[in-house]
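Chemist: just a sequence and a predicted model for now, questions to come.
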Amino acid sequence: MTTLVHQSEVSSPAPVPAKSLITKLNIVTGFIVGAIFCWGTYYALRAGRDMTDTHNVNKVLIISMFMWSLGFMIGIGALIGPFRWLIGKDLTPEEELYMSGEGQGMKRYFKFCTDHKVVGIQYLVAVMVLLGAGGTMAMMIRTNLARPGSHLVLPQIYNSLVGLHGITMIIAMIIALTGPLGNFILPMMIGARGEAFPRLNAVSFWLLFTAIPVLCSAWFLGGIPTGWSAYAPLSTQAGPGMNAFLVTIIIFAISTAVAGTNITTTVITMRAKGMRFNRVPIFVIGCTISVALAVPAFPTFMAAMVQTGMDRTISTGFFDANVGGTGWLYANLFWIMGHPEVYVILLPGVAALLEMLPVFTRKPLFSFPMAVAGMAGIAGMSALVWAHHMYMSGWMPALNGPFMVTTEFISFPTGLLFLVFVGTLWRSRPWLKFPMLCVYAMMWNLLIGGITGVYVSDVPLDGTLHGSMFVTAHFHYTIMGAALSGAVGAIAYWFPKLSGRMLNERASYISFWFVQIGLNVLFMGMFLVGAEGQARRVANYSEQFAGGNLVSTIGAYSVGVGMLVFLWAIIHSAGKGAIAPANPWGAKTLEWTVPYPAPVENFSEEQVVTSDPYGFGKRVSK
Amino acid sequence: MSSDSLEEMKPTPGQRIRSFVQRKDVMQTFVLGIVITAGFTLMGLYAYPNWMPAVHSKEMHSARLIMTIFTVLSAPIAGLVLAVAVRAFLNMHHGDTPPPDSELSERSNTPAILVWCFSTGAFVVAAIAIGLLAYNSDTNSAVADAPDAITVDVTGAQWAWSFYYPAQNIQTHTLELPSGQPVDFHVKSVDVNHSFWPVQLGVKVDANRIVTTTAETRPTTLGPIDIRCAELCGLNHAVMETSGAVVSASDFANWVNSIKASGGVQQ
């Protein structure tokens, strides 16, 4: 890639006066205004209502939770722009510059900041917190399942742990890469000075942020008994904690739609000159396909949650068979989101590893068109496979055959991605670095997840595997084994760009082996008991499954130790790691030309791209 | 150099293939691939059948067979992928500086892509065909109209299963079925969703309110059955279990008579 200089001088706006309202707003004012809105609404609505009626309780809680979110967004200054529009004005250039966080040091991370790099770090911290919370719940689940008859946690708590672990991890994994790296790195990779909608970008993060306390409140409202799939009618009959779940999903769906629109628009409209689509880095393509897939997928989940909320508050009966509704409507809406969501999670991780594979093998990426076709094919096919989750539901048995065909066909585009990995690795001598180890881990885990995915996509075989621990192990191999390995590898690869320092190598290797050995022990144990016939989501089980469950729990502890080591490595290295060279891996993508710390607008010169970033190998070809 | 002499120096396809397979790295990858393929094949043939529940029905037999076939079919693809990865792993470059650029700068290889697409495509088509044939076989053995079929009305309620045999007019909380006779389960719920799972029979179907769903099976082998709920149904989902058995026709008749003798309701 080459660059040309084309920079017109623009006079800098004057700083915003210190007493201006915008300088006073931050996360603390967000919490204060959010709390006032929430509790004010709560007490105002419950006055004069019969709060022994669960419908009234649900109404008051749901509206109060939304008001918390709205209040927080007002309190942190996210809505200053729209309020100005109401009086025919907009932010001044001075205020825009202030919102970019320039010169504000650490404070900008606690404000409504429009700098995509700040938003990226905010997302990274959120992901780490969510993974920590979800992982802690997973450890509690596995500890309870270490022995049959264990009563470490009560069944009600256990069911809530299962559901809240699930949704916490799903949210964390959906944003694991497109949040931190899709914001921090992606614009630099395409040579852009920012993102298409910087304010919306900040809105997407802070909306997600407001969803976290709402989700946490589920614990104080009695938990959720439904698992993260929240099937009706169990969800419509569940206690008040269910309101927190559905409000979380609705807020998160809006946040995801906003973020997806922003990233997609950025990639389409803000690429550097000369960066044709066949020169766009594969990570950018993976992220774009992922968020573009999320944009239509999540509204169906949101719609299902809106309907659940209406059933719970005004007895609409969408999912109540007694009044003509059906739980199958919910199941369809959920899985129309649910299966694409797997690929929303998986594709950025796979794409990140594809991005770094040529760098570590010093070979060109093998068959870039096949990589794109594989990801696009998976995304397209993923919209046509949802009902394989419902083979055993009794809904439309006549469609089981067609859905079996579409589901098994998705192995083909997945195979194209393996082709690219194999073709690039073929006769290579890769550089032994932690991100490269993650490539191997992802290949193994995705292979196991993929093959077992073929099992569960088969209707006759699903008759015995559906709803068992086998399915749990299968999707954990895919989402945790493959996607999380990709995410961890990507964070490590771009860590020098995020922090200006190198990730501690020794700690990351220790973490790697603890996590990878641990997760294979964990989920192989689960495959065993699942194949034997242990149902999933059970707080207790019979003696025959004792061995496999104990093995799984030992594996889980190994994963837990490994993840703690990785967390330590990130925190320690961010503060005390060795100073990173400008381009430690010798990569050819544009982000490595940006100095650290990166200027607000990334590049001081207009970027002109003349080739793709995979020109490795002795005989370089375009 | 004349074009004729250039033509003479160009290796024939046979020579190219021979020199390709004789290369050390290719041989290493091939051997690794064989070992890994054998490992997956052995797992499919011996591990899964031992892990899976006992076969008490045609459907369970079908499930175990498909699992074995899929594992064996996927073994060569897994073998190739992992062999290339393992060989590259064993050939890693160590150190703080990047390795030199590879001698290979090939960005595509049409024959390799075609072989790969054909292989994975054949796997996909085989998996689809096997699945459809097995599903069709199960569906064709539909028992609803079979003259000797036994109907069992299954009801899920938080958190217990109950069974009603309409022809025999008995109500039970365990499930006994005569071997060799087709069985038609009519499943419903009185509260939330459950999923009726007689493990050793290899069938499963959700229990919904109002709507009745069906599952059919042909018990073939005598032995105990574990009945579980496979859909999270609230507080005590884990203990929503009961037992049952596939028994001989005479034992089934005796069991029915003993329940009738106690008023038609199992104690």
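Modeler: Arrived safely.

Chemist: now tell me what touches stretch A:500-512 from outside.
Modeler: A:433-434, A:437-438, A:441, A:492, A:495-496, A:562-563, A:565-566, A:568-570, A:572-574, A:576-580, A:584, A:596-597 (CB atoms under 8 Å, 6 or more residues apart in numbering or on different chains). Quick note: C-beta positions are derived from backbone N, CA and C, even for glycine.

Chemist: as a check, name the ranges of all helices in the stretch 101-250 of chain B.
Modeler: B:110-140, B:249-261 (DSSP state H, counting those that start in this stretch).

Chemist: quick one: contacts for B:Pro98?
Modeler: A:Val359, A:Phe360, A:Arg362, A:Trp431, A:Trp585, A:Gly586.

Chemist: who's in contact with the second one?
Modeler: This points to A:Phe360. A:Pro430, A:Trp431, A:Lys433, A:Pro435, A:Met436, A:Val439, A:Trp585, B:Pro98.

Chemist: farthest pair within those residues?
Modeler: The largest separation in those, counting by CB to CB, is between A:Val439 and B:Pro98 at 15.3 Å.

Chemist: which of the contacts of stretch A:500-512 fall in helices?
Modeler: Judged by DSSP state H, the subset of those located in helices is A:434, A:437-438, A:441, A:492, A:495-496, A:562-563, A:565-566, A:568-570, A:572-574, A:576.

Chemist: quick check: PyMOL command selecting the buried ones in those residues.
Modeler: This is how PyMOL selects the buried members of these, with burial counted by 16 or more other CB atoms under 10 Å in any protein chain shown:
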select buried, chain A and resi 434+437+438+441+492+495+496+562+563+565+566+569+570+573+574
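
Chemist: show me the contacts for residue 112.
Modeler: Picking chain A for this. A:Leu25, A:Ile76, A:Gly77, A:Ala78, A:Met99, A:Ala202, A:Trp206.

Chemist: that's the other chain; I wanted chain B
Modeler: Counted by CB under 8 Å, 6+ apart, B:Ala112 has contacts A:Gly423.

Chemist: can you give me the distance of it to B:Arg16?
Modeler: Applying CB to CB, to the nearest Å, the value for B:Ala112 to B:Arg16 is 13 Å.

Chemist: burial of residue 190, as a residue count?
Modeler: No chain was given, so I picked chain A. 24 (other CB atoms under 10 Å in any protein chain shown).

Chemist: think we crossed wires, I meant chain B
Modeler: 13.

Chemist: that one contacts B:Thr155, correct?
Modeler: Yes - between B:Val190 and B:Thr155 there is a contact under CB atoms under 8 Å: 6.3 Å.

Chemist: in the stretch 1-150 of chain B, what residue lies closest to chain A?
Modeler: Nearest to chain A in the stretch 1-150 of chain B, going by CB to the nearest CB, is B:Ser105, at a distance of 2.6 Å.

Chemist: can you report phi and psi for the closest residue to that residue other than its chain neighbours?
Modeler: Leaving out its chain neighbours, the residue that sits closest to B:Ser105 by CB to CB, 6 or more residues apart in numbering or on different chains is A:Gly617, at 2.6 Å. The phi and psi values for A:Gly617, taken as degrees, to the nearest 10, are phi 100, psi 150.

Chemist: who's in contact with A:Gly617?
Modeler: So A:Gly617 contacts A:Arg362, A:Lys363, A:Pro364, B:Asp101, B:Ser102, B:Glu103, B:Leu104, B:Ser105, B:Glu106 (CB under 8 Å, 6+ apart).

Chemist: ok, the residue most central in space within chain B to A:Leu465 distance?
Modeler: Averaging the C-alpha coordinates of chain B gives a centre point, and the residue nearest to it by CA atoms, centre = their mean is B:Met67 (4.1 Å). Using CB to CB, one gets 8 Å for the distance from B:Met67 to A:Leu465.

Chemist: list residues touching both of the two?
Modeler: A:Tyr455, A:Ala531.

Chemist: tell me which element B:Val55 falls in.
Modeler: Assigned by DSSP states H and E, B:Val55 belongs to neither a helix nor a strand.

Chemist: quickly check: stretch B:21-39 near chain A or not.
Modeler: Yes - applying CB under 8 Å from any CB of the partner chain, one finds stretch B:21-39 in contact with chain A at B:Asp25.
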